[in-house]
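1. Pasting the sequence and the predicted coordinates here, then a few questions.
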Amino acid sequence: MGGFDILILRFLNGSSGYSENFDKFMFLLSGNYLYKGVFLMLLFWYLWFSELNARQIVRINLISAVAVAALAILVGRTLSNLLPYRPRPIHTLGLDINHPIGMPMNTLANWSSMPSDHAVLFFTLAACFWMVNRTIGTIAFLHALLIISLPRVYLALHYPSDILVGALLGIILAALLLKPLAGVVERLQILRFEASFPQLFYPAMFLVTFEIASMFDSVRSLLRSTTEVVGFVSG
């Protein structure tokens, strides 16, 4: 953790803890799925139905993008578990930062800070969207920076370096995987399945985009519950 990292953290966190209303607003941005994943999935469905002149290739790339996003969150969580544990700034003793008004002291207490899985997921999607449509991709990048990343540093949930590493990881994954996975989607003729069985395809896509919009919270909860049940039964 370098001095520049701490300098940026203190600058962005400097206004925290002074205005209850502003802190509540930052909590809202950082925690409400309507501002986070739902917004990105609205961009996804906008692209799905709007690119009339190149609809097939756009849809192939978008299906690939959701696969890349799922892989990205898996990679991000795996790295978070494998890398040396890094406490969140708000839980780092001796760090001279402000505590947001109303934030419980145990918020994300046992979750490692590096890398930011939010940054991994949202910068992956932004990069994928940018490769499909430059305008929508730019909007997605601004969203990832201002709506996703900035509040999490302001609230001292992440160091700037957590965000930077997550963002770079997401962009690299998108650059490496979008086109190869698009080739797989094309070979599997998934769009032919979509045309033949829309009653099956669109509920499945709704489920996938819902999980991305909610950052796979229901899947994580199911896995945790299953693990607890299996552990209880085996014990």
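-> Okay, I see it.
2. hey, which helix or strand in the chain has the poorest pLDDT?
-> helix 217-234 (a mean of 71; mean pLDDT, DSSP states H and E).
3. Where does pLDDT dip in the protein?
-> Scanning the chain for pLDDT under 70 picks out the ranges 1-2, 51-53, 108-109, 228-235.
4. so where do the helices sit in it?
-> Secondary structure of the chain (DSSP state H): helices at 3-13, 20-31, 37-50, 55-82, 117-132, 134-143, 150-154, 160-187, 190-196, 198-213, 217-234.
5. Please work out which of those is packed deepest.
-> helix 117-132 (a mean of 26; mean count of other Cβ atoms under 10 Å). No exception for glycine: its C-beta is placed from N, CA and C like everyone else's.
6. so what secondary structure elements neighbour it?
-> helix 37-50, helix 55-82, helix 134-143, helix 160-187 (3 or more Cβ pairs under 8 Å, 6 or more residues apart in numbering; DSSP states H and E).
7. which residues sit in contact with Glu20?
-> 101-102 (Cβ atoms under 8 Å, 6 or more residues apart in numbering).
8. Identify whichever of the helices and strands packed on helix 117-132 lies nearest to Thr209.
-> For Thr209, the closest of those is helix 37-50, at 4.5 Å, according to Cβ to Cβ.
9. which other helices and strands contact that closest one?
-> Looks like helix 37-50 contacts helix 55-82, helix 117-132, helix 134-143, helix 198-213 (3+ Cβ pairs under 8 Å, 6+ apart).
10. and the angle from that helix to helix 198-213?
-> Using axes from the mean of the first three to the mean of the last three Cα atoms, to 10 degrees, one finds that helix 37-50 and helix 198-213 are set 140 degrees apart in direction.
11. To what extent is the residue nearest to Arg88 when sequence neighbours are not counted buried, counted in neighbours?
-> Of all residues not flanking Arg88 in the chain, Ser113 sits nearest, at 4.8 Å (Cβ to Cβ, 6 or more residues apart in numbering). When neighbours are defined as other Cβ atoms under 10 Å, Ser113 has 25 of them.
12. wouldn't Ser113 be in contact with Ala156 here?
-> No. Judged on Cβ atoms under 8 Å, Ser113 makes no contact with Ala156 at a distance of 9.9 Å.
13. shared neighbours of those two, anything?
-> 88-89.
14. Tell me which residues touch the residue nearest to Arg88, please.
-> Going by Cβ under 8 Å, 6+ apart, Ser113 touches 86-89, 157-159, 162.
15. Equivalent analysis for Ala174, please.
-> Counting by Cβ under 8 Å, 6+ apart, Ala174 has contacts 65, 68, 72, 123-125, 127-128, 131.
16. Start and end of stretch 141-151, how far apart?
-> 15 Å (Cα to Cα, to the nearest Å).
17. What lies in contact with it?
-> Residues outside stretch 141-151 that contact it (Cβ under 8 Å, 6+ apart): 12, 26-27, 29-30, 35-36, 39-40, 116, 118-119, 122-123, 125-127, 130, 158, 163, 167.
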